[in-house]
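> Have a look; sequence and predicted model below, questions after that.
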Protein chains: 2
Amino acid sequence: MTRPLNQAWVLRHRPVGAIELSDLELQSRPVEALLPGQVLVRVIYLSLDPTNRIWMSDMDQYMPPVEIGEVMRGGTLGIVEESLNDDFAPGDYVMGTLGWQKYGIMDPRQGLAKLPVIPGLPLTAFMGVLGFIGATAYFGLLDICDPTPGETIVVSAAAGAVGSLVGQIGKIKGCRVIGIAGTDEKCTWITKDLGFDAAINYRRENVLDALRRHAPGGVDIYFENVGGDILDAVLTVLNVGSRISLCGLISSYNAMDPVPGPYMFRNLLMKRVMLKGFIVSDYIARFPEAIAALAQWMMAGQLKYRVDVVQGLEQAPVAVNKLFDGTNQGKLVVQVSGEK
Amino acid sequence: MTRPLNQAWVLRHRPVGAIELSDLELQSRPVEALLPGQVLVRVIYLSLDPTNRIWMSDMDQYMPPVEIGEVMRGGTLGIVEESLNDDFAPGDYVMGTLGWQKYGIMDPRQGLAKLPVIPGLPLTAFMGVLGFIGATAYFGLLDICDPTPGETIVVSAAAGAVGSLVGQIGKIKGCRVIGIAGTDEKCTWITKDLGFDAAINYRRENVLDALRRHAPGGVDIYFENVGGDILDAVLTVLNVGSRISLCGLISSYNAMDPVPGPYMFRNLLMKRVMLKGFIVSDYIARFPEAIAALAQWMMAGQLKYRVDVVQGLEQAPVAVNKLFDGTNQGKLVVQVSGEK
């Protein structure tokens, strides 16, 4: 039997500024034979995330950077096509970090999870609400910030995959939620469709002025995805005893020069703020708790989400930049092959 | 009976940069008559602290700023000379925020604490180890950072009133302690007399290089009094899961232009750091716990401290700048009158 041909994006250069197509190279190679215990997975969906840009750089980070010449790292959802592992059979849907390629081979003990088949639930839900994205929103808001009803939450990148869930979970918990996003369409979506109390378009409004208008009593919780000027504006209106969940700093990931921290850093002292950086994989042992709650809210119609599907693995290096120019609408994924 | 003459430093201008003598004015005025419930206190020691500079500015801060024309705010230790309060008698030693003056009148319910008389214990101990300074070190290190034996602690302004106690408490808790200070004399004091494992003279050494040498396994806890370049250096060598107690940012208090936050701010995310700003008065209800522990350690000879006594209330506006140029040695106080 002929082995299928794999296609894989390999990192050629570390990007300087935005990711360029020439930083990666699409290589074709035959799929290797399986070793005992391994499975062959055909990738259906590839997750594109801001942290991809961090992995491409060689800065000191939370995982080893992707090395030059390696297949680009990425979260994937796929289907098992061959198995030398008793726990996995052809046709099983799985999630794992197989990378930017059509086929991946892995021993499931390295981190491959079998997905339940839930009638009526689209597979892409596992790339968003019921996956890492949902767990990020859940633990980042509830575990780190411990919101109580009536508190005011601000979330940046509020129409993004994580931010849109954070705001909806905040509403479920009885809080007032203000979202910051970059287009009027996004602002309308989060207020009209998702139930946020207010939205600020940072490209058209002075964020500090708008925060003072929408949160005259100050801000108790900030879920941070962005950094930069937006972080400074929120720091300015924090209440005493407020909490910041530091999930991302996307505004700086493409920076070519050192980026200073916020000018209002001193307010972390003056307002006795608790700030905690986190990576969702720190919570991996508690994922079932998050997924159970998120699934329940989703079934009850309390959580809406959007998936932005780009067709074709060859589009990945261009599509990933949608995260940085804000043109994606919801969770950004690349469809690499058919669902069946 | 003639009322005694009071002398009081009144804020005239908000300082621009360092505090100038002309920013304050020493006014003489008769001591007013007491109202029912009030006591008249003769100030013996006036505490000079970095936060005095914050109170003189009109930035958004943790207490209202001192208004122009008001007596400068300051922590004091004194003796009751007259009392219209049943709980306080002439001769009682008391602590409270009576300000930069020779005599203060206060209703004790506004915050005046009677001091125990402990034979052999100098009064100045209450300005340091057994007062706000000791509580700051105690709660800032133990409550916020929860050190476990074997962890590596870094403290800045390590020969200062708070920093020198933080390091010694860290040693009592079985940690490795590295202090950062500004003179060789201070570095020798904290290592030879106080038992710190290492000291870095930030005026003579590259702090980042020195940290890498003294903490090859990285830093788990940082007690921050300073900010600026030193904060950036420590952020660079933080371990995953480390904690920062944000107690002060003295390097920026005299700044005339906006001060950017640390360039390595992103490491709060990458290393999943917990940072918490605090003001010791947040812990006022738990002070007895701190004072009991600190007194026990002091009696056991495990806590040493220095008091830098400047003679005469008229010296206060000049002496306070010793905190900013680093020429003080230990807790800085002004002796305003005799102990008896």
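Okay, I see it.

> For the rest of this, base every contact and every neighbour count on C-alpha atoms.
Fine.

> Now the phi/psi pair for residue A:255, please.
With angles defined as degrees, to the nearest 10, residue A:255 sits at phi -60, psi 140.

> tell me the contacts of it?
Listed by CA atoms under 8 Å, 6 or more residues apart in numbering or on different chains, the contact set of residue A:255 reads residue A:17.

> Repeat that for the one 5 residues further on.
For residue A:260, the contact set (CA under 8 Å, 6+ apart) comprises B:260-265.

> Would you mind giving those residues as a markdown table with pLDDT and secondary structure added?
A markdown table is the format used below for those (pLDDT from 0 to 100; DSSP: H, G, I helix; E, B strand; the rest coil):
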| residue | pLDDT | secondary structure |
| --- | --- | --- |
| B:260 | 92 | coil |
| B:261 | 95 | strand |
| B:262 | 96 | coil |
| B:263 | 95 | helix |
| B:264 | 96 | helix |
| B:265 | 97 | helix |
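
> Mind putting those into JSON lines with distance to residue A:160?
What follows is those, written out as JSON lines (distance: CA to CA, whole Å):
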{"residue": "B:260", "distance to residue A:160": "28"}
{"residue": "B:261", "distance to residue A:160": "26"}
{"residue": "B:262", "distance to residue A:160": "27"}
{"residue": "B:263", "distance to residue A:160": "26"}
{"residue": "B:264", "distance to residue A:160": "25"}
{"residue": "B:265", "distance to residue A:160": "23"}
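
> was I right about residue A:328 contacting residue A:308?
Yes. With contact defined as CA atoms under 8 Å, residue A:328 reaches residue A:308; the gap is 6.4 Å.

> Of the two, which one has the most company?
Taking residue A:328 and residue A:308 together and counting by other CA atoms under 10 Å in any protein chain shown, residue A:328 has the greater number of neighbours (22 against 16).

> got a pLDDT number for that one?
For residue A:328, the pLDDT comes out at 90.

> Distance of it relative to chain B?
Residue A:328 is 24 Å from chain B, where distance means CA to the nearest CA, to the nearest Å.

> Same question for residue A:336.
30 Å.

> Please list all residues in contact with that residue.
By CA under 8 Å, 6+ apart, the neighbours of residue A:336 are A:43-46, A:102, A:311-313.

> what does residue A:74 give?
A:46-48, A:52, A:97-100.

> Out of the residues you listed, the closest to residue A:198 would be?
Distances from residue A:198 to the contacts of residue A:74, taken as CA to CA, are shortest for residue A:48 (27.7 Å).

> interface residues of chain A facing chain B?
Neighbours of chain B within chain A, by CA under 8 Å from any CA of the partner chain: A:60-62, A:246-249, A:258-279.

> Kindly recompute the last result at 7 Å.
Remark: the part of chain A in contact with chain B comprises A:61-62, A:246-247, A:258-263, A:265, A:268-279, using CA under 7 Å from any CA of the partner chain.

> Out of these, list just those in helices.
Within the residues of chain A next to chain B, residues falling in helices by DSSP state H are A:268-270.

> Any chance of those residues in CSV with neighbour count as columns?
Output for these, formatted as CSV (neighbours: other CA atoms under 10 Å in any protein chain shown):
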residue, neighbour count
A:268, 25
A:269, 23
A:270, 25
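
> Kindly reformat the residues you listed as a markdown table containing distance to residue A:284.
Shown next, in a markdown table, are those (distance: CA to CA, whole Å):
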| residue | distance to residue A:284 |
| --- | --- |
| A:268 | 29 |
| A:269 | 31 |
| A:270 | 34 |
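
> related to what we said a few turns ago, could you turn the buried ones of the contacts of residue A:336 into a ChimeraX selection?
Filtering the contacts of residue A:336 down to the buried ones (16 or more other CA atoms under 10 Å in any protein chain shown) takes a single ChimeraX command:
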select /A:43,44,45,46,102,313
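
> Helices of the stretch 151-300 of chain A, start to end?
Using DSSP state H, counting those that start in this stretch, the helices of the stretch 151-300 of chain A run over A:161-172, A:184-188, A:207-214, A:228-236, A:267-270, A:287-299.

> hey, which of the ones you listed is tucked in deepest?
Stretch with highest mean neighbour count among the helices of the stretch 151-300 of chain A: helix A:161-172 (a mean of 26; mean count of other CA atoms under 10 Å in any protein chain shown).

> From the rest of the structure, what touches that one?
A:128, A:133-134, A:136-138, A:141, A:155-158, A:177, A:194, A:196, A:303, A:330-331 (CA atoms under 7 Å, 6 or more residues apart in numbering or on different chains).

> Now, those residues that are in strands?
Per DSSP state E, strands hold the following members of these: A:155-156, A:177, A:331.

> farthest pair in those?
Longest span within the ones in strands among the contacts of helix A:161-172, CA to CA: A:177 and A:331, 20.3 Å.

> So between the two, which is more surrounded?
residue A:177 (28 against 25).

> Quick check: bridge partners of that one?
For residue A:177, the beta-bridge assignment (DSSP bridges) gives partners residue A:153.

> Could you measure from it over to chain B?
With CA to the nearest CA as the criterion, residue A:177 and chain B are 23 Å apart.

> so that residue touches residue A:195, yeah?
No. Assessed by CA atoms under 7 Å, residue A:177 is found out of contact with residue A:195, at 8.6 Å.

> shaky segments in the stretch 1-150 of chain A?
A:1 (pLDDT under 70).

> Run through the helices of it in chain order.
Counting by DSSP H, counting those that start in this stretch, residue ranges of the helices within the stretch 1-150 of chain A are A:51-56, A:132-138, A:144-145.

> winner for burial among those?
Mean neighbour count (mean count of other CA under 10 Å) peaks for helix A:132-138 among those, with a mean of 25.

> Who are the packing partners of that one?
Applying 3 or more CA pairs under 7 Å, 6 or more residues apart in numbering or on different chains; DSSP states H and E, we find helix A:132-138 packed against helix A:161-172, helix A:287-299.

> Just give the closest residue to residue A:137, not the sequence neighbours.
Once flanking residues are discounted, residue A:137 sits nearest to residue A:166: 5.0 Å by CA to CA, 6 or more residues apart in numbering or on different chains.
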